[in-house]
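Visitor: kindly return the folded structure for what I paste below:
(chains A and B)
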Amino acid sequence: MSTTAVVTRHWVIHPFHAAVLGGVLPLFLGALLADYAYWNTYEIQWSNFASWLLVGAMVMTTLALVCGLVGLVRGSRNGFYVIVLAVTWIVGFINSLHHARDAWAIMPAALLWSVIVTVLALIATWLGFASVRVRVGGVL
Amino acid sequence: MNRAPKVVALSVLTVALAACSGKAPELQQLGANPELPKPHRGVMPDMTIAQPTAWGDTVPTVPAGFKVSAIATDLAIPRQTLVLPNGDILVAEGRGGSAPNLKPKDVIAGKIKAKGNTQVKSGNRLTLLRDADGDGVYELKTVFADKLNAPYGLALVGNALYVANQDALVRFDYAEGQTKASGAPTKVTDLPSAINHHWTKSLAASADGSHLYVGIGSNSNITERGMAAEIDRAQVWEIDAQTGAHRTYASGIRNPTALAVQPGTGTLWAVVNERDEIGPNLVPDYLTSVRDGGFYGWPYSYWGKHVDRRVMPQNPEKVASALTPDFALGSHVAALGVAFANPAVGGNFTDGVFVGQHGSWNRNPPVGYKVVFVPFRDGKPAGDAIDFATGFRGDDGKTRGRPVGVSVDPRGAVIVADDLANTIWRITPTAVPATPAAPPSATPATPPATPSTPSAPTP
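Guide: Predicted structure coming up:
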């Protein structure tokens, strides 16, 4: 009687991947806070800040997504993470386009989109870094 | 770090642009009661940019009984023209504005819009054109004055030639027959120029020549640069010609790109460019008489009292006081020139105004790209606007020219500046040959010459 060991390659996030993924949540959160400030003050500069923070967030999300896809192709079991990150990218892109509207035309949808994308970014980041927790603690 | 987002955003935008090619419904948007749909905006604004191409052997299409010729080419962005009493034509050339990019969208849209404009460097000068022998060929083309700062509006009062630079109103001493300014100009007054999102400063002189009207555009589409940037913007100033002191003559007038004083009545008229990004059929640009103390809505409302919810905080009191303009020219046509006709033009074009339309960049199908004539009766617009010069843009999107300023020679010629082809077009009646002397009924007695009401040649 022989036994076969099925070797599953576990996913470990690459340091570069971790670096760019680490930027996603703070940037989306920054955009959300800036939107909230515009909502409260009508001070247009907050709206400009939100637009640029979203550009930064999208760059980071794009890079993280590329890393995630590369990992997926290489056989990492990170599918759910990649899906959530992809949804984050799509919502983030819609939010960026929405922020291109002038003045109060972005409201109230800009604030809503920013809340949604920030929550998505949080989940994606959680899932992404869960691989680190598995290594350290052994339990998800 | 700055370049990557631009490139990413630009490529994504191109895809998104290709995706939205819905054609705008055609509404009746000419005249006193334009149809106004509900505001809306898709994910992307419609951008349909002109594809510049050379005129070659073609010329603009003009009505039967008229002919057209290019009387000057290779100019450096001609905007407004002024017919001087001896028939010479002054052309203001330049490009202004120093508005910084505030949002990612400004970076992208700026690059796209620039494709539809001339690549020539701003002239910052006045060029004088002269047809000494009256054969319709302007054999002399010479620099009258240079080192100006994006000159735009022009007006002559007696021997004072006023030029509205993008930052100041200046005055040259002018003597008839001069082909070169005798010296540097004198500053009459500074004009609001911070940011200068809408930089053009249009100009007209009051009928008695004692005051000058300057049109100052808003510093944003719809307050997206903040309300602090809008102090002294979207106004027409009345400036004392002697002292340079000014008062606000009209406000809430988003971008008054050309002014003209009506012969006979002395009423000030303006063509005004209205706001963007609430749909292909909003908001109509307009032609209006400008009332002393009048408020025309911007930014709080459009076409009278239609509230623009993009402005926060709102101002219901201002909305309640907003005047409705006289005559809608259509949304996004970009009216940049206005001039009163005179009997010497002939045909159906003796009583009314010519309006130069630079053409849209954010509407599908595109509109404008022509010179129209709005007929007047009893001193007011009456009847439909009719095409006067067309063919600037082909159905294939190839764009040969973009009309800006128009002026009317007392002898009946219509002068059109084309800032894409860098050409001045002269449209003349063929039926009645131009006579050397001005027709007696053509002009009011002794008006100051403005782009719209040039005075009769003095014998």
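
Visitor: quick one: mean pLDDT over stretch B:90-108.
Guide: Within the predicted structure, the mean pLDDT of stretch B:90-108 is 91.

Visitor: report whether that stretch contacts chain A.
Guide: Yes: judged by Cβ under 8 Å from any Cβ of the partner chain, stretch B:90-108 and chain A are in contact via B:102, B:103, B:104, B:105. No exception for glycine: its C-beta is placed from N, CA and C like everyone else's.

Visitor: would you map the helices across the stretch 1-150 of chain B?
Guide: B:3-19, B:104-114 (DSSP state H, counting those that start in this stretch).

Visitor: run the chain-centre distance for the host helix or strand of residue A:33.
Guide: Per DSSP states H and E: residue A:33 is located in helix A:15-41. Here the centre of mass of C-alpha atoms in helix A:15-41, compared against the chain's by Cα atoms, centre = their mean, to the nearest Å, lies 9 Å away.

Visitor: could you point out which element follows it?
Guide: Once helix A:15-41 ends, the next helix or strand along the chain (criterion: DSSP H and E) is helix A:44-73.

Visitor: output the below-cut-off pLDDT ranges for the chain.
Guide: Reading this off chain A. Residues of chain A meeting the criterion pLDDT under 70: A:1-10, A:132-140.

Visitor: try again with chain B
Guide: Low-confidence segments of chain B, defined by pLDDT under 70, are located at B:1-22, B:431-459.

Visitor: apply 50 and report the result again.
Guide: B:1-21, B:433-459 (pLDDT under 50).

Visitor: phi and psi next, for the residue nearest the centre of it.
Guide: Averaging the C-alpha coordinates of chain B gives a centre point, and the residue nearest to it by Cα atoms, centre = their mean is residue B:336 (1.8 Å). Summarising the backbone geometry of residue B:336 under the convention degrees, to the nearest 10, its torsions are phi -120, psi 0.

Visitor: would you mind listing the buried residues in stretch B:23-42?
Guide: Residues B:24, B:27, B:29, B:30, B:31, B:34, B:36, B:39, B:41 are the ones in stretch B:23-42 that count as buried (16 or more other Cβ atoms under 10 Å in any protein chain shown).

Visitor: am I right that the last one is in contact with residue B:278?
Guide: Read that as residue B:41. Yes: with contact defined as Cβ atoms under 8 Å, residue B:41 reaches residue B:278; the gap is 6.0 Å.

Visitor: overlap in contacts of the two?
Guide: Taking Cβ atoms under 8 Å, 6 or more residues apart in numbering or on different chains as the contact definition, residue B:41 and residue B:278 share the neighbouring residues residue A:105.

Visitor: give the contact list for the residue lying closest to residue B:74 once chain neighbours are set aside.
Guide: For residue B:74, the nearest residue in space outside its immediate sequence neighbours is residue B:422; the separation is 6.0 Å by Cβ to Cβ, 6 or more residues apart in numbering or on different chains. Contacts were defined as Cβ under 8 Å, 6+ apart; by that measure residue B:422 touches B:73, B:74, B:75, B:76, B:77, B:78, B:118, B:120.

Visitor: which of the residues you listed count as buried?
Guide: In terms of neighbour count (16+ other Cβ under 10 Å), the buried residues within these are B:75, B:76, B:77, B:78, B:118.

Visitor: out of the contacts of residue B:422, which are inside strands?
Guide: The subset of the contacts of residue B:422 located in strands under the criterion DSSP state E comprises residue B:78.

Visitor: for the stretch 151-300 of chain B, what lies in contact range of chain A?
Guide: Taking Cβ under 8 Å from any Cβ as the criterion, the neighbours of chain A within the stretch 151-300 of chain B are B:220, B:221, B:222, B:223, B:224, B:225, B:226, B:277, B:278.

Visitor: can you add neighbour count and secondary structure and give those back as a markdown table?
Guide: Converted to a markdown table, these look like this (neighbours: other Cβ atoms under 10 Å in any protein chain shown; DSSP: H, G, I helix; E, B strand; the rest coil):
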| residue | neighbour count | secondary structure |
| --- | --- | --- |
| B:220 | 25 | coil |
| B:221 | 21 | coil |
| B:222 | 23 | coil |
| B:223 | 25 | coil |
| B:224 | 26 | coil |
| B:225 | 23 | coil |
| B:226 | 17 | coil |
| B:277 | 19 | coil |
| B:278 | 26 | coil |
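
Visitor: for residue 59, the count of nearby residues, please.
Guide: I'll assume chain A. Applying the criterion other Cβ atoms under 10 Å in any protein chain shown, we find 19 residues in the vicinity of residue A:59.

Visitor: I was after chain B.
Guide: Using other Cβ under 10 Å, residue B:59 is surrounded by 18 other residues.

Visitor: phi, psi of it?
Guide: Here residue B:59 shows phi and psi, under degrees, to the nearest 10, equal to phi -140, psi 170.

Visitor: what about the residue nearest to residue B:393 when sequence neighbours are not counted, neighbour count?
Guide: Using Cβ to Cβ, 6+ apart and skipping the chain neighbours, the partner closest in space to residue B:393 is residue B:369 (3.9 Å). Burial of residue B:369, expressed as a neighbour count using other Cβ under 10 Å, amounts to 24.

Visitor: the residue positioned nearest the centre of chain A in helix, strand or coil?
Guide: The residue lying closest to the centre of chain A (Cα atoms, centre = their mean) is residue A:121, at 3.6 Å. Applying DSSP: H, G, I helix; E, B strand; the rest coil to residue A:121 yields a three-state assignment of helix.

Visitor: how about it, what does it touch?
Guide: For residue A:121, counting by Cβ under 8 Å, 6+ apart, the contacting residues are A:24, A:25, A:28, A:29, A:57, A:61, A:88, A:92.

Visitor: got a markdown table for those residues, with distance to chain B and neighbour count too?
Guide: As requested, these are exported to a markdown table (distance: Cβ to the nearest Cβ, whole Å; neighbours: other Cβ atoms under 10 Å in any protein chain shown):
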| residue | distance to chain B | neighbour count |
| --- | --- | --- |
| A:24 | 15 | 31 |
| A:25 | 18 | 22 |
| A:28 | 15 | 32 |
| A:29 | 18 | 17 |
| A:57 | 10 | 28 |
| A:61 | 11 | 30 |
| A:88 | 16 | 28 |
| A:92 | 12 | 28 |
